[in-house]
Structures are given as C-alpha cells and as structure tokens.
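> A structural model of the following input is requested.
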Amino acid sequence: MKLGAFSNSLAVKDIHKSKAFYEKLGFSVFAGEIEKNYLIMKNGNALIGLFQGMFENNIMTFNPGWDESANKLEEFDDVRTIQKHLKKEGETLVSEADETTSGPASFVVLDPDGNTILIDQHV
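Alright, predicted model coming up:
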C-alpha cells in the first residue's frame, strides 16, 4: 500500500504558542494560514499540522499522491483503492470517500486503540 506523505495533525489549544514551540525544534511554516487557525510545519521530511479548534484529538494523516513537499507522485494508490482494501479486510470506516468519483477525496478509519487515521488525497 502506497500511502504517500505522513504527518501528525495536532489539535492545539493556542496555535501561536504551538508555532513558536515547534519553531524552536527547527520546524518552519510550510503551508496554511494562522488567521484560519491552521498551519503545516516542516523539518526535513517531518511534517506536522497545527489545528486550533478544528477537531478534538490528534490525527495521523497520510496523503496519497504527494511526497513530503506536496509534490505529485508519479505512482500512488488512489484513496478509493486503499479504502476498498480496508473494507475488504473487514475494517469499519468512520467516513468514506465516494467510490464513484476520482481525484481529491478522503476517508477516516480508527486503529484498534481508537487513534484516528485520515487518508486525505489532494490530487
């Protein structure tokens, strides 16, 4: 399974304090808008998203079709293919991508411990 770029999406209480903290760890703003309460920060191949007031818990995020610099990959497994595989394996999804479409789509699944995994395709 080719899941694409990996990042942790963090539910933060104060995006300004979180931004300052992660900058001390060597991260810099890669994308997002602090005025809209979200930033994507990068340190080498490591990506974290800071999201204030958008969701309750931290989320593991995979972006099929993208590398760590948001460049489109030549080859990748489409989000709908990944979704079909998990459903065939008996996993229950929290939300699903419309399998009759193509292009950008996403779905959410929980791991056995209740951790949220977002498969979010932008291409």
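> verify the stated contact: His85 with Pro64.
No. His85 lies out of contact with Pro64 (Cβ atoms under 8 Å); the separation is 11.9 Å. For glycine as for every other residue, the C-beta is placed from the backbone atoms N, C-alpha and C.
> could you check which of the two has the larger neighbour count?
Neighbour totals were compared for His85 and Pro64, and Pro64 leads with 24 against 12 (other Cβ atoms under 10 Å).
> that one: what's it in contact with?
Shown in contact with Pro64 (Cβ atoms under 8 Å, 6 or more residues apart in numbering): 2-4, 76-79, 82, 119, 121.
> in strands, which of those residues fall?
Of the contacts of Pro64, the ones assigned to strands by DSSP state E are 119, 121.
> top of the contacts of Pro64 by number of neighbours, please.
Within these, most neighbours by other Cβ under 10 Å means Val79, with 29 neighbours.
> residues touching that residue, list them.
64, 97, 105-107, 119-121.
> next one: Ser18
Counting by Cβ under 8 Å, 6+ apart, Ser18 touches 10, 12, 50, 52.
> want to throw the residues you listed into TSV with neighbour count?
Converted to TSV, the contacts of Ser18 look like this (neighbours: other Cβ atoms under 10 Å):
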residue	neighbour count
Leu10	18
Val12	23
Leu50	27
Gln52	18
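> re the thing from before, in a markdown table: the contacts of Pro64, plus pLDDT and distance to Pro112.
Below are the contacts of Pro64 laid out as a markdown table (pLDDT from 0 to 100; distance: Cβ to Cβ, whole Å):
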| residue | pLDDT | distance to Pro112 |
| --- | --- | --- |
| Lys2 | 91 | 23 |
| Leu3 | 95 | 18 |
| Gly4 | 95 | 23 |
| Phe76 | 95 | 26 |
| Asp77 | 97 | 22 |
| Asp78 | 97 | 25 |
| Val79 | 98 | 22 |
| Ile82 | 98 | 18 |
| Ile119 | 98 | 17 |
| Gln121 | 97 | 24 |
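> and of the contacts of Pro64, the nearest to Ser69?
Taking Cβ to Cβ as the measure, Ser69 lies nearest Gly4 of the contacts of Pro64, at 11.7 Å.
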